[in-house]
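>>> Sequence plus the predicted model coming up.
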Amino acid sequence: MEQESGHEEEKTNGVNGDVTKQDGTAKKKKKKSKDEVAATAVAWESGKPLSIEDVEVAPPQKNEVRIKILFTSLCHTDVYFWDAKGQNPLFPRILGHEAGGIVESVGEGVTDLQPGDHVLPIFTGECKECPHCLSEESNMCDLLRINTDRVGMIHDGNSRFSINGKPIYHFLGTSTFSEYTVVHVGQVAKINPDAPLDKVCILSCGVSTGFGATVNVAKPKKGQSVAVFGLGAVGLAAAEGARVSGASRIIGVDLNASRFEEAKKFGVTEFVNPKDHDKPVQEVIAEMTGGGVDRSVECTGSVQAMISAFECVHDGWGVAVLVGVPNKDDAFKTHPVNLLNERTLKGTFFGNYKPRSDIPAVVEKYMNKELELDKFITHSVPFSEINKAFEYMLRGEGLRCMIRMDA
């Protein structure tokens, strides 16, 4: 753990407080952090274009970090909560949760990050103290697990964003559509400063979710077959995981035939469009593979796709992994004999990665050319044109749109 002062014999009363020696004499007074006025894309109401506003961003409090965001990208989850259909609308709000930036200041109690560190803020966290964090098998932190209804900071429940004294709500604890944001230290991954933030920032959500679902949960062996349901960014990341794992056949399943050509760049070798067949797609895949694939990864959120992904794996050893988030009233139905015949069904959250412990190593995979990220980034816009990113996604164009904060 790094000491902010650099000397163990000194004590700091908060990151911006007085530094005193053990004999009680004052060494110096640190300059206090002040509110930063940041250009911020605010969602004032559901479905309406974001508005660039000057927002006051308060200093970080206990166990918090203020980050200068350099690059951020748009994820389907941002669009889902911006649209706010069938949900409790929480506005005005600052969306965004895939990003990279540099620590600007840290609050009381933060010892393993310091100003200047390159970081990825992440929508879920790792407190390193709860039973989940202490378990080698789980990444579902009790304290910092994703909470879409949380609109303030855990420390005091208040927002660190305001306009003329009126609070603006947080989103997923990250709110990266702003030049500056405040994040709990448990949701911040410190990464290699040489890693290009405009590439590795997409590891803070979708790509890690799909890639990890394959390499950490499905765990295909070299030469095995893998079916991926849904060829959006998360599904293609799952296919990338299968490619890296040495899968011999990667079968992409999607209702949109226009995605098939792009998917070849991610290692997909064969394609199935369920609309082209008069039988369930799981039966089509079983016939293609002589009984079923060795592994499958479902990335759509469709219950029918989940059933197909499970029932298309080979009996005896097949493993199906569910990634997509279903609607709240959905139910999953399959015959118990599918389990008795030794098929395995698993679920995963954020690819089973612990944000602080594991994501820095995934960044190193990119740096070592073991993982390709550039092909996921299909568009780029300046921050002033952030609404174009929404337009691209709503039209189904591309995978990830990089938003440049300094442009």
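Everything's here; your move. Just so you know, these numbers come straight off a predicted model, no measurement behind them. Numbering: from 1, shown residues only.

>>> Going by C-alpha atoms from here, please, whenever you check contacts or count neighbours.
Will do.

>>> which one is the residue nearest the centre of the chain nearest to, not counting chain neighbours?
Among the residues of the chain, the one closest to the centroid is Cys205, at 1.4 Å (Cα atoms, centre = their mean). Distances taken as Cα to Cα, 6 or more residues apart in numbering place Glu98 nearest to Cys205, at 5.9 Å, with adjacent residues excluded.

>>> On the pLDDT front, check the one you found for me.
The model reports Glu98 with a pLDDT of 98.

>>> same check, this time on Val119
Value listed for Val119 in the pLDDT field: 98.

>>> That one pairs with what?
Note on Val119: beta-bridge partners by DSSP bridges are Gly101, Lys190.

>>> can you check Pro167 too?
Ser162.

>>> Pull the contacting residues for it.
By Cα atoms under 8 Å, 6 or more residues apart in numbering, the contact set of Pro167 is 159-161.

>>> For stretch 44-62, what is the distance to the chain centroid?
Taking Cα atoms, centre = their mean, to the nearest Å, one finds the center of stretch 44-62 at 20 Å from the center of the full chain.

>>> still on that earlier bit, I'd say the residue nearest to the centre of the chain and Phe123 touch.
Yes - the pair Cys205 / Phe123 is scored as a contact, 7.4 Å apart, by Cα atoms under 8 Å.

>>> which residues are common contacts for the two?
His97.

>>> Would you state the strands of the stretch 251-400 of the chain in chain order?
270-272, 295-298, 319-322, 344-347, 377-382, 400-404 (DSSP state E, counting those that start in this stretch).

>>> any chance of those in CSV, with distance to Ala239 too?
Output for the strands of the stretch 251-400 of the chain, formatted as CSV (distance: least, Cα to Cα, whole Å):
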stretch, distance to Ala239
strand 270-272, 12
strand 295-298, 9
strand 319-322, 13
strand 344-347, 17
strand 377-382, 16
strand 400-404, 16
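
>>> Tell me which of these sits most buried.
Stretch with highest mean neighbour count among the strands of the stretch 251-400 of the chain: strand 295-298 (a mean of 32; mean count of other Cα atoms under 10 Å).

>>> Name every strand pairing with that one and say which way it goes.
Per DSSP bridges, strand 295-298 is paired in its sheet with strand 225-229 (parallel), strand 319-322 (parallel).

>>> Tell me which of those lies nearest to Val272.
Closest to Val272 of the strands paired with strand 295-298 is strand 225-229 (Cα to Cα; 9.5 Å).

>>> rewinding a little: look up phi and psi at the residue nearest to the centre of the chain.
According to degrees, to the nearest 10, the main-chain angles of Cys205 amount to phi -150, psi -100.

>>> While we're on the closest residue in space to His155 that isn't next to it in sequence, how confident is the model there?
Nearest non-adjacent residue to His155, counting by Cα to Cα, 6+ apart: Lys62, 6.8 Å away. On pLDDT, Lys62 comes in at 98.

>>> and Lys62, how many neighbours does it have?
17 (other Cα atoms under 10 Å).

>>> Could you list the low-pLDDT ranges of the stretch 301-407 of the chain?
For the stretch 301-407 of the chain, the stretches with pLDDT under 70 are 407.

>>> swap that for the stretch 51-200 of the chain, please
Along the stretch 51-200 of the chain, the model assigns pLDDT under 70 to residues 86.

>>> quick one, helices of it?
Along the stretch 51-200 of the chain, the segments classed as helices by DSSP state H, counting those that start in this stretch run 76-83, 131-134, 197-200.
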